[in-house]
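In: Sequence and predicted model, in that order:
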Amino acid sequence: MGKFYITTPIYYVNAEPHLGHAYTGIAADVLARWHREQGDQTFFLTGTDEHGVKNVRSAQAVGKTTEEFVKIQREKFQALYHTIGISNDAFIYTADQEKHWPGVIKLWQKLTEAGDLYKDIYKGMYCVGHEAFITEKDLVNGVCPDHNQKPEVIEEENYFFQLSKYAGRIRELIEKDEFVIAPVARKNEVLSFLKNDIADISFSRPSKDIPWGVPVPGDPEHTVYVWADALPNYLSALGYGSSDETAFQKFWPADIHLIGKDILRFHAVIWPAMLLSVGLPLPKKLFVHGMILSDGKKMSKTIGNVIHPDEIISEYGVEAFRYFLMREIPFGEDGDFTKTRFSEVYEGNLAHGLGNLVSRTSAMITKSFNGTLTRPSEDALVLVPTKRVLHHEVSAKKVFLEGENLSSYFVREVAVEFDRAMKEHRLTEALTIVSQFYGLLDGYIQDYEPYKLVKLNQEQAGHVLWNVAWHLVRSSALLAPFMPETAKHICDIFGVSTGERENPAFIKISASSALFPSKKKHEQKP
Ligand code: MSP
């Protein structure tokens, strides 16, 4: 038992929430739920990044105050996260003057005390779309290709942060895995970036241009610049800088910052430099997931391929949505989302896979055993199979004769491997282990044919069905972080409370079993 602090990025509210934002939230949610199950005191943070000139302009465009505009947008992100079952413990937003600003201010003051902030003239090209300065080489025909916009040429006085001073130390910490960056490809990317000369970076903008943000402490002519304002959310959400820093004392450092690879450098270089400067411990791990493409392309309004989670969820439900993202997008790599693939996975793995397995099992128990089974007394009857059965190399009956059993197989091969995968944040593999176990249970039914066996030896048929039902219930504990509602539904169907999953005395069919109705009714077998 320990503590576990996990964060997502805080999202820009200027855009509408989409599939990508849902993805990070779901992955973080899976880890948070799993840690809670392990008994860890868990703090799961998400939120929104609301300062910056873009919001001011968007608000003007729709005739709202900036406060009103960001609130409306924030609520869309909150609504999405509610819909997809995100179990966050807190939601931080940077316009929150009570909760967020004190943290930004304290951190700024500490950076100043450390002598790491200085004023200088900044001259550069600013892309409003990026909320960042860009260079000549980023331009195509004089415009930023991502935003199709000419950058603004800016010459102004800024506060600068002495990032250069910390590059060497950060490199060392990453190399020694004292600050872990995963997957290793991302670690190597940062290490090679750190071989370059690292320049100091601008941490403020003049308030006359950017009035919407946190004023620089003691110098309100300047506004704290986007990243110097956004990154401290990971501290401010814990009360850092407020009159009550208890949560901060308890949960910092973060165990995982989960981010997409688009914001790797900010989190792998600037953030640790800020923390080193003020003498705070670094996050233990930065886990960098890939980007989800839509039909093979980056999602963009212009292409018109942005996927809104509601489109999918209204048809297939939240649980299938969570399943697809965790199973089909290899965690840590880029992945593609297409509706065709979604439908295939839904029909194959869920409707005809898990859903069918649960409904067949419960139907057989209802039909042949009046819906009730009692735990068999003899351990020897806790039947079978192994991977070999799954791979059809040997029939389950044979393995049974060799004396292996399903229960010990589950513990040894499934639960242990699952835990290992989860500890190492191999989420896709963890979920694959559970899915494959369903395949094994299917094979088990095929091998023992309880629907035939029941006529020859009713007691044995009862044992076969007990084993399948019990292991569906048992393995639902593993499924729970990914598909919390489905896991509970499985227990409800077999009439077992979640507390009794490991050792139920009875199975009593108690709920309707349609977990994932097929969407292709005409193709369903009668
Ligand atoms: N506000 C900054 C982050 C500050 S954190 C201190 C920001 N916001 S963002 O709205 O652009 O969100 C970027 C993050 O959203 C990515 O890092 C990722 O977590 C998620 N994603 C956005 N699009 C995505 C995909 N297409 N695929 C996967 N994740 C995506 O950057």
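Out: That came through, no problem.

In: Low-confidence stretches in the stretch 151-300 of the chain?
Out: Scanning the stretch 151-300 of the chain for pLDDT under 70 picks out nothing.

In: ranges for the helices of the stretch 301-450 of the chain?
Out: 309-316, 318-328, 339-345, 356-369, 387-390, 396-401, 406-409, 416-423, 427-448, 450-456 (DSSP state H, counting those that start in this stretch).

In: closest to residue 255 out of those?
Out: helix 416-423 (11.6 Å; CB to CB). Every C-beta, even on glycine, is put in place using the N, C-alpha and C of the backbone.

In: roughly how far apart are the closest residue to residue 445 other than its chain neighbours and residue 420?
Out: Counting by CB to CB, 6 or more residues apart in numbering, residue 445 lies nearest to residue 468, which is 6.1 Å off, once chain neighbours are set aside. Relative to residue 420, residue 468 is positioned 25 Å away (CB to CB, to the nearest Å).

In: who has more neighbours, these two?
Out: residue 468 (27 against 13; other CB atoms under 10 Å).

In: show me the contacts for that one.
Out: The neighbours of residue 468, taking CB atoms under 8 Å, 6 or more residues apart in numbering as the test, are 357, 361, 441, 444-445, 450.

In: what's the answer for residue 276, then?
Out: By CB under 8 Å, 6+ apart, the residues touching residue 276 are 166, 169-170, 282.

In: before we move on, what SS does residue 253 have?
Out: Three-state assignment for residue 253 (DSSP: H, G, I helix; E, B strand; the rest coil): coil.

In: again, but for the one 5 residues further on
Out: Three-state secondary structure (criterion: three-state DSSP) places residue 258 in strand.

In: Look up the residues forming beta bridges with residue 201.
Out: Applying DSSP bridges to residue 201 gives these bridge partners: residue 161.

In: now it: how far from residue 349?
Out: 46 Å.

In: out of everything not next to it in sequence, what's closest to whichever residue of the chain sits closest to the ligand?
Out: With CB to the nearest ligand atom, the shortest gap between the chain and the ligand falls at residue 20, namely 2.1 Å. Once flanking residues are discounted, residue 20 sits nearest to residue 292: 5.6 Å by CB to CB, 6+ apart.

In: Am I right that the residue nearest to residue 445 sits in a strand?
Out: No - applying three-state DSSP, one finds residue 468 to be helix, outside a strand.

In: sorry, back to before: would CSV of the helices of the stretch 301-450 of the chain with mean pLDDT and distance to the ligand be doable?
Out: Converted to CSV, the helices of the stretch 301-450 of the chain look like this (pLDDT from 0 to 100; distance: least, CB to the nearest ligand atom, whole Å):
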stretch, mean pLDDT, distance to the ligand
helix 309-316, 96, 12
helix 318-328, 98, 9
helix 339-345, 97, 15
helix 356-369, 97, 31
helix 387-390, 46, 32
helix 396-401, 46, 41
helix 406-409, 81, 36
helix 416-423, 97, 20
helix 427-448, 92, 14
helix 450-456, 87, 44
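
In: deepest of those, which one?
Out: helix 318-328 (a mean of 23; mean count of other CB atoms under 10 Å).

In: For that helix, which outside residues touch it?
Out: Contacts of helix 318-328 (CB under 8 Å, 6+ apart): 22-23, 26-27, 30, 83-85, 292, 309, 312-313, 335, 341-342, 345-346, 349-350, 427-428, 431-432, 435, 482-483, 485-486, 516.

In: Please apply the same query to stretch 350-358.
Out: 320, 323, 435, 438-439, 441-442, 445, 468, 472, 486, 490, 493, 513-519.

In: do that again at 6 Å, thanks
Out: Defining contact as CB atoms under 6 Å, 6 or more residues apart in numbering, one finds that stretch 350-358 is touched by 320, 438, 442, 513, 515-516, 518.
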